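Enquirer: Return a 3D structure for these sequence lines:
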Amino acid sequence: MSRGFNRLLEAVVRIDVSEIEFEAGSKRFTGGIGSGVIISADGLILTNAHVASPQAVTISVTLANLERVSAKLVGWDHWTDLAVLRLDLEEMQRRKIKFKAAEFGDSSELYAGQTVYAVGTPYGLERTLTRGIISNTNRPFSDTRGVRGYETGLFNNWLQTDAAINPGNSGGPLVTENGKLVGINSRAYIGAENLGFAIPANVARRVAESLAREGGIIRSYLGLVPGVLQDLEKFYALAANNGLLINGVDPGSPAARAGLRAGDVVLALNGQKLDGRFPEQLPPIQQTIASLPVGTAVVLTVKRGAQLLALTMVTEKLESRVGEEWAFEQWGLSVRKVTRAFARENQLTDESGVVVLGVQPGYPAAEAGLARGDIITKIGTAPVAELGQLKAIYARYETKPSPQLIEAQRNRQISLYVIKP
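Expert: Numbers count the residues shown, from 1 in each chain. Next up is the predicted model:
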């Protein structure tokens, strides 16, 4: 092994996380193991967003010298499945613990067949190396639903490798033979052999810098759902390598309000030609839109049949389908706030209400007949537009329990349920 590779190994860490979950009708603590890599002299660690989330209560990091120290989440971005932690430097100075940081490589220079190593903590086995090759340098994913329903992978393609990536490897580095960090291991196909995927280092480095500086990334949203134009160019009478097919438009989105329709072909965005023939070309186009400042006026040049249209719209802030979660333990009820994205996805009239994540058998919510997926919109005569309103109602219930009449939507039908003390 080279000196650079040994340095890289000293930068790889095990991450143990205790976090809150609200899935089963209650608030409970769960533990998880992942991997990470130190990327700076001031103790920043790069890992996956699904390893360490804002619901983390405690985060501990085991260094290469087997010393365990605490860390805090400083930035999180589920859209790229990346998170940044910071080691407790005061603790490390007090205990006289030293560490080394990895060096980034240029992931754009990788090629199929190149030898790489996945380093991490598979199944809790620390500092494990698996050897493989780069199988593909530009792999798109049609499945963009990640852990807990969070969206991920919309804005970048992935590195594919046959180096073994197992549970616990998540967040660890994919490295070259000279020890350069070229990817962050993120996912694998369960049940398939030699199909692992990593976030390219050039993407990870850019995102990590933003997360360390801002704590998160604000992106723009238009509400268009792109499709692959390949094999349809003759039907649409298009020049080669020109155009982005619109598969759908989110209801109520900027694109919908501007008049964009499914079946339209976008030829240009603010005068910049778009080429969306192949699946690999769609994430960069999505990233182009997302990277615009929120509130930017966008002009799309659109081909609709024989017409050539110019549609103007203004970008909005991109939101996740996953809202804030909470548990009302005396009721045995856990919920998640309905977001604008969730409402559009489920064809709801607006983003009012909370969706039921789970109910505990034998508790008042279950006895009342509430079930996972119900959308609570009213309690008594009080609309539940925000999660905070439900929290306030519950606080009064805790002080003075009384029957609660709940209005909830299930399969587009409104029903009434009574929670009894």
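Enquirer: got the contact list for the spatially closest residue to Glu214 that is not a sequence neighbour?
Expert: The shortest distance from Glu214 to any non-neighbouring residue, by C-beta to C-beta, 6 or more residues apart in numbering, is to Gly75 (7.1 Å). (Each C-beta comes from the backbone N, C-alpha and C, glycine too.) By C-beta atoms under 8 Å, 6 or more residues apart in numbering, the contact list for Gly75 reads 83-84, 208, 210-212, 214-216.
Enquirer: I'd like the residues you listed as JSON lines, with secondary structure appended.
Expert: As requested, the contacts of Gly75 are exported to JSON lines (DSSP: H, G, I helix; E, B strand; the rest coil):
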{"residue": "Ala83", "secondary structure": "strand"}
{"residue": "Val84", "secondary structure": "strand"}
{"residue": "Ala208", "secondary structure": "helix"}
{"residue": "Ser210", "secondary structure": "helix"}
{"residue": "Leu211", "secondary structure": "helix"}
{"residue": "Ala212", "secondary structure": "helix"}
{"residue": "Glu214", "secondary structure": "helix"}
{"residue": "Gly215", "secondary structure": "coil"}
{"residue": "Gly216", "secondary structure": "coil"}
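Enquirer: buried residues in the host helix or strand of Ile406?
Expert: For Ile406, the enclosing helix or strand under DSSP states H and E is strand 404-410. Buried residues in strand 404-410, counted by 16 or more other C-beta atoms under 10 Å: 404, 406-409.
Enquirer: Can you list the helices and strands that that strand packs against?
Expert: Contact here means 3 or more C-beta pairs under 8 Å, 6 or more residues apart in numbering; DSSP states H and E; on that basis strand 404-410 packs against strand 375-379, strand 413-419.
Enquirer: Starting from the shortest one, tell me the next helix or strand along the chain.
Expert: Heading C-terminal from strand 375-379, the first helix or strand you meet, by DSSP H and E, is strand 382-383.
Enquirer: quick one: that next one to chain centroid distance?
Expert: 32 Å (C-alpha atoms, centre = their mean, to the nearest Å).
Enquirer: and it, which strands flank it?
Expert: Using DSSP bridges, the strands paired with strand 382-383 are strand 375-379 (antiparallel).
Enquirer: between the partner strand and strand 404-410, how big is the angle?
Expert: 150 degrees (axes from the mean of the first three to the mean of the last three C-alpha atoms, to 10 degrees).
Enquirer: Now find how far off-centre strand 375-379 is within its chain.
Expert: Its chain's C-alpha centre lies 27 Å from the corresponding centre of strand 375-379 when counted by C-alpha atoms, centre = their mean.
Enquirer: picking that back up, what's the closest of the buried residues of strand 404-410 to Ile285?
Expert: Gln409 (35.2 Å; C-beta to C-beta).
Enquirer: wait, doesn't that closest one sit right on Gly373?
Expert: No - in this structure, Gln409 is not within contact of Gly373 by C-beta atoms under 8 Å, at 9.6 Å.
Enquirer: hang on, the earlier thing: between the strand holding Ile406 and strand 413-419, how big is the angle?
Expert: Orientation of strand 404-410 against strand 413-419 (the same axes, to 10 degrees) gives an angle of 150 degrees.
Enquirer: who touches strand 404-410?
Expert: Against strand 404-410 from outside (C-beta under 8 Å, 6+ apart): 353, 356, 368, 370-371, 373-380, 393, 397, 414-419.
Enquirer: among those residues, which ones are buried?
Expert: Among the contacts of strand 404-410, the ones that count as buried by 16+ other C-beta under 10 Å are 353, 356, 368, 370, 374-379, 393, 397, 417, 419.
Enquirer: Now do the same contact list for the nearest residue to Thr128 once chain neighbours are set aside.
Expert: Nearest residue to Thr128, sequence neighbours excluded (C-beta to C-beta, 6+ apart): Pro122, at 5.4 Å. Listed by C-beta under 8 Å, 6+ apart, the contact set of Pro122 reads 128, 130, 164-169.
Enquirer: Those residues, buried ones only, as a PyMOL selection?
Expert: A single PyMOL command selects the buried members of the contacts of Pro122 (16+ other C-beta under 10 Å):
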select buried, resi 128+130+164+165+166+168+169
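Enquirer: Model confidence score at the residue nearest to Val356 when sequence neighbours are not counted, please.
Expert: In space, and not counting its chain neighbours, Val356 is closest to Asp374: 4.5 Å by C-beta to C-beta, 6+ apart. We have a pLDDT of 96 for Asp374.
Enquirer: With Glu351 as the reference, measure out to Asp374.
Expert: According to C-beta to C-beta, to the nearest Å, Asp374 stands 16 Å off from Glu351.
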